[in-house]
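*Asks:* Below is the sequence, then the predicted model.
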Amino acid sequence: MPTSARLLVDLLYQPSGSRHLNFDPETPIRVGDYGHMDGHTGQFILEGNIYSNFDGFNDVNGNTLPVPSESSGSSETCVVSTNMKEVAFGTPTDEDMAKVIECPLKHRFDISKGTGAVLYIIHSTISRMPDEARIRLGNIPDFYKNFARKHIVTEVTNCSGYAMILTMAESDNVAVGLKEGVPLKDIPSNDTPSRWTTAGHMDHIKVGEDRLGKTYSVLYRTLKVAKRPRWWRWWANSE
């Protein structure tokens with residue numbers, strides 16, 4: 001049977017725009033990381049980073065590889081599997097749902113069939129590898145020799161807080177909300193109660209609190225290096 005990590009990765013891959021889910025968001029993923037994908041869990045196995053582990057990524061004029069660009073994302077984003085749709089909140093049927101309804105930020109989803117997945121992100125930022133860097137990589141001597149079939153991370157979505165949910169309850173619904181109060185990023189103590197609240201059947205749930213100095217790597221995009229040079233691009237696909 002697939003692991004929770006594998007299910008979440010597969011269910012959210014297309015809805016997130018062909019991005020991989022990082023099942024352990026506290027483990028940072030950076031643009032330029034390279035490695036391979038674990039076939040069992042669907043997780044990225046880090047081997048190194050092209051920006052920090054190598055000195056050979058310069059062109060004939062000595063220009064260094066262009067560094068990643070940073071941009072702001074959304075204050076909140078929900079990514080859900082294709083078998084789930086967002087629905088309005090009605091009269092609460094239990095205490096947990098009532099608590100979610102009280103939250104200023106909240107979402108409720110119905111599951112049509114099968115296993116459903118939800119990733120709720122707050123305050124995201126996006127780091128991307130510039131196109132010029134991609135082009136320059138393919139012109140580096142021994143690039144294919146050293147990186148054939150490896151995955152290189154070209155984009156990372158980081159955030160200050162997240163909720164990750166997996167549910168196998170068919171024809172049911174789940175809800176997730178963020179409570180009112182002082183953002184935990186302004187409170188250094190780890191003893192502060194969680195601001196996340198949920199309702200409904202959940203087979204797996206993981207949350208990241210919006211605490212002081214915390215950043216979570218939740219989604220990332222990779223390109224897989226081809227076995228041999230191609231005149232139009234160096235990657236084989238966008239897995």
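*Replies:* Perfect, I can see it now.
*Asks:* can you pull out the strands in this structure?
*Replies:* Secondary structure of the chain by DSSP state E: the strands cover 20-21, 33-37, 44-49, 69-72, 76-80, 84-86, 105-111, 116-128, 151-167, 173-178, 196-200, 204-208, 216-225, 235-237.
*Asks:* Save the ones you listed as TSV, and put in distance to residue 135 too.
*Replies:* Where you see a C-beta, it was placed from the backbone N, CA and C, and this is true even at glycine. Output for the strands of the chain, formatted as TSV (distance: least, Cβ to Cβ, whole Å):
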stretch	distance to residue 135
strand 20-21	23
strand 33-37	17
strand 44-49	19
strand 69-72	15
strand 76-80	30
strand 84-86	39
strand 105-111	40
strand 116-128	14
strand 151-167	12
strand 173-178	41
strand 196-200	42
strand 204-208	35
strand 216-225	12
strand 235-237	11
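*Asks:* Mean pLDDT lowest where, among these?
*Replies:* With a mean of 57, strand 235-237 has the lowest mean pLDDT of the strands of the chain.
*Asks:* Give the closest residue to residue 120 in space, chain neighbours not counted.
*Replies:* residue 163 (4.3 Å; Cβ to Cβ, 6 or more residues apart in numbering).
*Asks:* Report how many residues lie close to that neighbour.
*Replies:* When neighbours are counted by other Cβ atoms under 10 Å, residue 163 registers 22.
*Asks:* again, but for residue 217
*Replies:* With other Cβ under 10 Å as criterion, residue 217 counts 22.
*Asks:* Could I get the average pLDDT for the lengthiest helix in the chain?
*Replies:* Longest helix of the chain, by residue count under DSSP state H: helix 4-13. Average pLDDT, helix 4-13: 94.
*Asks:* export that helix as CSV, just CAs?
*Replies:* Extracted C-alpha coordinates of helix 4-13, given in CSV (Å, rounded to 0.1, in the frame of the first residue of the first chain):
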residue,chain,number,x,y,z
SER,A,4,0.9,8.7,3.2
ALA,A,5,3.8,10.7,1.7
ARG,A,6,3.4,8.9,-1.7
LEU,A,7,-0.4,9.5,-1.7
LEU,A,8,-0.1,13.1,-0.8
VAL,A,9,2.6,13.7,-3.5
ASP,A,10,0.6,12.0,-6.2
LEU,A,11,-2.8,13.5,-5.3
LEU,A,12,-1.4,17.1,-5.2
TYR,A,13,1.1,17.0,-8.1
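*Asks:* what packs against that helix?
*Replies:* Judged by 3 or more Cβ pairs under 8 Å, 6 or more residues apart in numbering; DSSP states H and E, helix 4-13 is in contact with strand 20-21, strand 116-128, strand 151-167.
*Asks:* Need the CA coordinates for stretch 106-125. CSV is fine.
*Replies:* The C-alpha coordinates for stretch 106-125 follow below in CSV (Å, rounded to 0.1, in the frame of the first residue of the first chain):
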residue,chain,number,x,y,z
LYS,A,106,-11.2,28.7,6.9
HIS,A,107,-12.1,26.3,4.2
ARG,A,108,-14.4,23.2,3.9
PHE,A,109,-14.2,20.5,1.3
ASP,A,110,-16.4,17.7,0.2
ILE,A,111,-14.9,14.4,-1.2
SER,A,112,-16.6,12.8,-4.1
LYS,A,113,-14.8,9.5,-3.9
GLY,A,114,-11.5,7.8,-3.0
THR,A,115,-8.7,9.5,-1.0
GLY,A,116,-8.5,13.2,-0.7
ALA,A,117,-5.7,15.6,0.0
VAL,A,118,-5.4,19.2,1.2
LEU,A,119,-2.5,21.5,1.5
TYR,A,120,-3.3,24.9,3.1
ILE,A,121,-0.5,27.4,2.9
ILE,A,122,-0.2,30.9,4.5
HIS,A,123,2.2,33.7,3.5
SER,A,124,4.1,32.0,0.7
THR,A,125,7.2,33.1,-1.2
